[in-house]
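Trainee: Predicted structure and sequence below. I'll ask about it afterward.
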Amino acid sequence: MNQVLPFEEHDWKAIEPYLSIVGFDEGEQLLRPPQICGFIAFIKSGSIRSYHTNDQLVETNLLLRSENEFITDYESFIREEPATLSIQGIEKGEAIFLDRTGLNALYETSFYWNKFGRIISEQIFVNSKRRTEQLLFLNPRERYLLLMKEHPDYFQKYSLKHIASYLGITPQSLSRIRNQLSRH
């Protein structure tokens, strides 16, 4: 969190009562629609995904996250409405959960945490815009190449099944793209 906005000891003491450490196992659901998302999770260890399930029960990954990254269903979190995304542990780990009530209290009483929240919201917006543009304007091969360039670590952290879903393609299509690129 200090990387987002450096904080002082009194800023940490203000947020501490609203934090809880949550362990999770591989495959464990941390959020399932129609629950309301009441947390922002900072991942200490392990990895987590957020995904959507359609009417045919096909899962599509929206986010793949691991150590030192945040994850939430932000729309559900801020609007206090049922989640549209599921959040699930991919690899056993631990996360620090900040609850909505606590964050809202900090927004009212702390300039630092208000600014921190704004910065995080801006990052979520920019990341969402980039992700939307990639899915709309890049073909699967271009998305794969961009992922390899921007996040080469994903190929060590996540299964090809999860990567294919994140790219919005089938595992078979991912395999074809990888084979074509390896021949060139």
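Mentor: Cool, the structure landed.
Trainee: Look up the residues forming beta bridges with the residue positioned nearest the centre of the chain.
Mentor: Central residue of the chain (CA atoms, centre = their mean): Ile71, 3.6 Å from the mean position. Beta-bridge partners recorded for Ile71 (DSSP bridges): Ala41.
Trainee: That one and Ser50, how far apart?
Mentor: 6 Å (CB to CB, to the nearest Å). All C-beta atoms are positioned from the backbone trio N, CA, C, and that covers glycine.
Trainee: which residues are in contact with both of those two?
Mentor: Here Ile71 and Ser50 share the contacting residues Leu63, Arg65, Ile87, scored by CB atoms under 8 Å, 6 or more residues apart in numbering.
Trainee: Flag the shaky bits of this structure, pLDDT-wise.
Mentor: 1 (pLDDT under 70).
Trainee: repeat that with 90
Mentor: Scanning the chain for pLDDT under 90 picks out 1-8, 116, 120, 124, 184.
Trainee: Break it down into its domains, please.
Mentor: If you go by automatic domain parsing, the domain ranges for the chain are 9-137, 138-184.
Trainee: Format those as TSV; extra columns: distance to Asn2.
Mentor: Supplementary listing: these in TSV, determined by distance: least, CB to CB, whole Å:
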stretch	distance to Asn2
domain 9-137	9
domain 138-184	21
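Trainee: tell me the most buried of the ones you listed?
Mentor: When you average the neighbours per residue for each of the domains of the chain (mean count of other CB atoms under 10 Å), domain 9-137 leads with a mean of 16.
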